[in-house]
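K.L.:
test case, fold it:
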Amino acid sequence: MSRIELTGYRECEDALKQPDLKQSLYDEGAIVMDRVLVTLHGDEHRTRRLAEMGVFRRDFFRRYEREVIPEIFAEVMASVDKSGDVDLVDLHYRFMVYLSTNFAGIDRVERTPEEFDALVRLLRLFGVGATLGQNKGDREAVRAEVRAGLQEFDERFFTPSAHRRRELIAKVEAGELDEDELPMDVLTVLLRSEEELDMVRDMMLREAAFYFLASAHTSVHSLGHAMHHLLDWFDEHPDDRERFQADPSQVQRFVHESFRLHPASPIALRRALAAVEFVNGERAETGDTVMISLRQANRDPEIFGADAASFNPYRAVPRGVPETGVTFGIGMHACLGKNLAAGALPAAGREPAPEQLQLGTVAWIVHALLCAGITRDPSRPGQLDQTIERETWQRYPVQFPA
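P.N.:
Sure thing, here's the model as predicted:
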């Protein structure tokens, strides 16, 4: 079996659309990722994806950005000691753990610091389990730890959350509640479709854990880079800060450029189920591994210009190419939560009213932090995590007005 590496934007875009290339990045992480949406293929993937799109019910995004995110932002910021040391990474974990549990359908019953610490610990553990193929240590020991973590997640969070939703669904079916009174989350959708999807309990547990993991981890990564680029920009353009605080659509444009430069995973891996020929003339035979470099594709100068590796939120991209590049995927495995995380940029030449903007969670939080007066801590520089290949901030000290 051969391994083919694709780095140019057009061939990576083409490969992501190929129906005979199956997701294989998480093959070793089956303990968490077995038969979750991102690892399914073909008809089963299509059926589950269509069902889970049902979470985006009428006015979902409007409600999320008007009610859910502001409530969680206020809750987190109320817990921040602005006179002490504040780490942006920790702050982002708080935002995204709370938002991801809301979206996945995992209830926070206690709402205590200990419960938050448990959720973060489980989140990190599931991340290790999902990427087990990249682990150089004792994989069996890791599997045992992840297995115990899944059991804790099940007993403490998943089971009571599923029980509450089943009771609410029964009330809707009995006519005691309106449809719009059901939670807008993935677990509710799965429970209402479990017969159609033929999901046994363990599959539903892993799906809930996957959504918790995916939505929190990727957005923590993206929040850190977006905030860093904005603070860098204000160092060079200090007069822009006030303008950006007044116009959140400017922040969103910066966030999209940050998404392009820093995809949550630098690569995608696929396994060929049949022979596939790519637009660059290369060919994968059945069983071959195809490595798709999302990071390099997003920095292709033929698509994004001579400064493709640099941060330029005002760059012009060719028609049909997303401002975020291939960060959110293309084709059957395009990220279901792209609009939730990144929102939608206004069409060129159109300036929607502020209440019509769909910013996405990352731009909404970044803009709110700017309005809260966030600045770098000049005495403590941020540090990237040197223990992993992905560009991720390990710590990023910041300050707020007292």
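
K.L.:
now the host helix or strand of Glu114: buried residues?
P.N.:
For Glu114, the host element (DSSP states H and E) is helix 113-130. Residues 116, 118-120, 122-123, 125-130 are the ones in helix 113-130 that count as buried (16 or more other C-beta atoms under 10 Å). For every residue, glycine as well, the C-beta is placed using N, CA and C.

K.L.:
in JSON lines: these, plus pLDDT and distance to Ala316.
P.N.:
Shown next, in JSON lines, are these (pLDDT from 0 to 100; distance: C-beta to C-beta, whole Å):
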{"residue": "Phe116", "pLDDT": "93", "distance to Ala316": "42"}
{"residue": "Ala118", "pLDDT": "96", "distance to Ala316": "46"}
{"residue": "Leu119", "pLDDT": "96", "distance to Ala316": "41"}
{"residue": "Val120", "pLDDT": "92", "distance to Ala316": "40"}
{"residue": "Leu122", "pLDDT": "96", "distance to Ala316": "43"}
{"residue": "Leu123", "pLDDT": "93", "distance to Ala316": "38"}
{"residue": "Leu125", "pLDDT": "93", "distance to Ala316": "43"}
{"residue": "Phe126", "pLDDT": "94", "distance to Ala316": "39"}
{"residue": "Gly127", "pLDDT": "89", "distance to Ala316": "36"}
{"residue": "Val128", "pLDDT": "88", "distance to Ala316": "40"}
{"residue": "Gly129", "pLDDT": "90", "distance to Ala316": "41"}
{"residue": "Ala130", "pLDDT": "90", "distance to Ala316": "36"}
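
K.L.:
export these to JSON lines and tack on distance to Glu195?
P.N.:
Shown next, in JSON lines, are the buried residues of helix 113-130 (distance: C-beta to C-beta, whole Å):
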{"residue": "Phe116", "distance to Glu195": "35"}
{"residue": "Ala118", "distance to Glu195": "32"}
{"residue": "Leu119", "distance to Glu195": "30"}
{"residue": "Val120", "distance to Glu195": "34"}
{"residue": "Leu122", "distance to Glu195": "29"}
{"residue": "Leu123", "distance to Glu195": "30"}
{"residue": "Leu125", "distance to Glu195": "31"}
{"residue": "Phe126", "distance to Glu195": "27"}
{"residue": "Gly127", "distance to Glu195": "31"}
{"residue": "Val128", "distance to Glu195": "33"}
{"residue": "Gly129", "distance to Glu195": "29"}
{"residue": "Ala130", "distance to Glu195": "28"}
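
K.L.:
sort out which one of these lies nearest Leu359 for me.
P.N.:
Among the buried residues of helix 113-130, Leu123 lies closest to Leu359 (C-beta to C-beta), at 23.9 Å.

K.L.:
the closest one: what's its closest spatial neighbour, skipping adjacent residues?
P.N.:
Sequence neighbours aside, Ala216 is the residue nearest to Leu123 in space, at 5.6 Å (criterion: C-beta to C-beta, 6 or more residues apart in numbering).

K.L.:
could you list the low-pLDDT ranges of the stretch 251-400 of the chain?
P.N.:
347-355, 387-389 (pLDDT under 70).

K.L.:
show me the helices in it, by range?
P.N.:
Assigned by DSSP state H, counting those that start in this stretch, the helices in the stretch 251-400 of the chain fall at 294-297, 301-304, 338-342, 361-371.

K.L.:
these: which one's closest to Asp240?
P.N.:
Using C-beta to C-beta, the nearest of the helices of the stretch 251-400 of the chain to Asp240 is helix 361-371, at 10.5 Å.

K.L.:
show me what counts as buried in that closest one.
P.N.:
Buried residues in helix 361-371, counting neighbours by 16+ other C-beta under 10 Å, are found at 361-370.

K.L.:
next: stretch 62-78.
P.N.:
Those would be 64-65, 68-69, 72-73, 76-77, for stretch 62-78 by 16+ other C-beta under 10 Å.
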